[in-house]
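1. task: produce atomic coordinates for the following.
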Amino acid sequence: MTDEKEAAESLVTDLQKKITEAFEVFDHECNKTVDVREIGTIIRSLGCCPTEGELHDMIAEVEEEEPTGYIRFEKFLPMMTKALMERRYRPIPEDVLLRAFEVLDEKKKEYLTREELIKYMTEEGEPFTQEEMEEMVSAAVDPEKSVVPYREYAAMMVVDDY
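-> Numbering: from 1, shown residues only. This next block holds a predicted model:
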């Protein structure tokens, strides 16, 4: 039983180290706080992919009673540790992501054009913000060919399990 307990404690320690390191990147004043607008980036850098609604709920959970625009590390750490331990907000598996791209690629050409990607991101489902769209286009579009080779992109999007 002790080995399991030690393994669990070791996992928590490792996760908290990762969370601390990710938080510190955005703690520009070194005062154990980050701008609330950076929280989504920190959470996603840790392999969690919450929807905008879930992200809003996570922020509400760690924000002060009187919102200051900043999130304190001591509130963020336990919430984030719990989310990672429970494997919440896991990214979509690669095969599911590929199938989604294949549905959009009606001509089976193995890529989407830059224009198709932007159209789908702004006209279908929950529209992306301008910033999200620019971020995805810069990450997904091959600058030389102006297309998204989605098999490569999907492979790049998969987060290593911890």
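2. name the surrounding residues that touch stretch 137-157.
-> Residues outside stretch 137-157 that contact it (C-beta atoms under 8 Å, 6 or more residues apart in numbering) are 91, 94, 97-98, 101, 105, 110-114, 117-118. Bear in mind the C-beta positions are built from the backbone N, C-alpha and C, glycine included.
3. swap the cut-off to 7 Å and go again
-> 91, 94, 97-98, 101, 110-114, 117-118 (C-beta atoms under 7 Å, 6 or more residues apart in numbering).
4. got the buried residues for it?
-> Neighbour-count burial for stretch 137-157 flags 137, 140-141, 147-150, 153-154 (criterion: 16 or more other C-beta atoms under 10 Å).
5. first to last residue in that stretch, what's the distance?
-> One end of stretch 137-157 to the other measures 13 Å (C-alpha to C-alpha, to the nearest Å).
6. ok, stretch 26-38 next?
-> Using C-alpha to C-alpha, the two ends of stretch 26-38 sit 7 Å apart.
7. centre of the chain to that stretch, how far?
-> On the basis of C-alpha atoms, centre = their mean, to the nearest Å, stretch 26-38 sits 18 Å off its chain's mean C-alpha point.
8. domain map for the protein?
-> Domain ranges of the chain: 2-85, 94-157, per automatic domain parsing.
9. as a markdown table, those domains with mean pLDDT would be great.
-> Shown next, in a markdown table, are the domains of the chain (pLDDT from 0 to 100):
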| stretch | mean pLDDT |
| --- | --- |
| domain 2-85 | 91 |
| domain 94-157 | 87 |
